[in-house]
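Enquirer: Model the structure of this input:
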Amino acid sequence: MEAETSFGKILIIDDEKDNTEIIKDILEDVNYKTVLARSASEAKAIVSANTFDLILMDTNMPVMS
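Expert: Modelled structure (predicted):
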């Protein structure tokens with residue numbers, strides 16, 4: 001069995017759960033690794049501990065945009 005190759009690692013930041021799940025499913029279907037964050041503060045913690053090839057983010061979120 002061949003190991004799947006990932007095209008990259010993407011952070012998805014959005015407070016709308018449905019949005020993040022749809023984007024995650026689409027990207028993982030084409031072999032991207034994804035990490036989800038539901039708030040700006042959660043995203044900051046994730047970014048400080050990881051590296052990403054791309055960050056997709058909602059620019060209008062509650063508390064901190």
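
Enquirer: Please name every helix or strand in contact with the strand or helix carrying Ile26.
Expert: Ile26 is located in helix 17-29, with elements delineated by DSSP states H and E. For helix 17-29, the elements it packs on are strand 9-13, strand 33-37, judged by 3 or more CB pairs under 8 Å, 6 or more residues apart in numbering; DSSP states H and E. Bear in mind the C-beta positions are built from the backbone N, C-alpha and C, glycine included.

Enquirer: Name the surrounding residues that touch it.
Expert: 10, 12, 14, 34, 36, 38, 56, 58 (CB atoms under 8 Å, 6 or more residues apart in numbering).

Enquirer: That helix - what's its average pLDDT?
Expert: Here helix 17-29 scores 95 as its mean pLDDT.

Enquirer: If you count neighbours, what's buried in that helix?
Expert: 20, 23-24, 27 (16 or more other CB atoms under 10 Å).

Enquirer: which one of those sits closest to Val47?
Expert: Nearest to Val47 among the buried residues of helix 17-29: Thr20, at 15.8 Å, using CB to CB.

Enquirer: Hmm, which of the contacts of helix 17-29 is lowest in pLDDT?
Expert: Ranking those by pLDDT puts Asp58 at the bottom, with 88.

Enquirer: Neighbours of it, how many?
Expert: For Asp58, the neighbour count with other CB atoms under 10 Å is 15.

Enquirer: That one and Asp14 touch, don't they?
Expert: Yes - with contact defined as CB atoms under 8 Å, Asp58 counts as touching Asp14 (4.2 Å).

Enquirer: rewinding a little: write the PyMOL selection for whichever of the contacts of helix 17-29 are buried.
Expert: A single PyMOL command selects the buried members of the contacts of helix 17-29 (16+ other CB under 10 Å):
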select buried, resi 10+12+14+34+36+38
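
Enquirer: wait, which of the contacts of helix 17-29 is closest to Ile46?
Expert: For these, the nearest to Ile46 is Leu36 (8.9 Å; CB to CB).

Enquirer: Which pLDDT does the model give Met64?
Expert: Looking at Met64, its pLDDT is 64.
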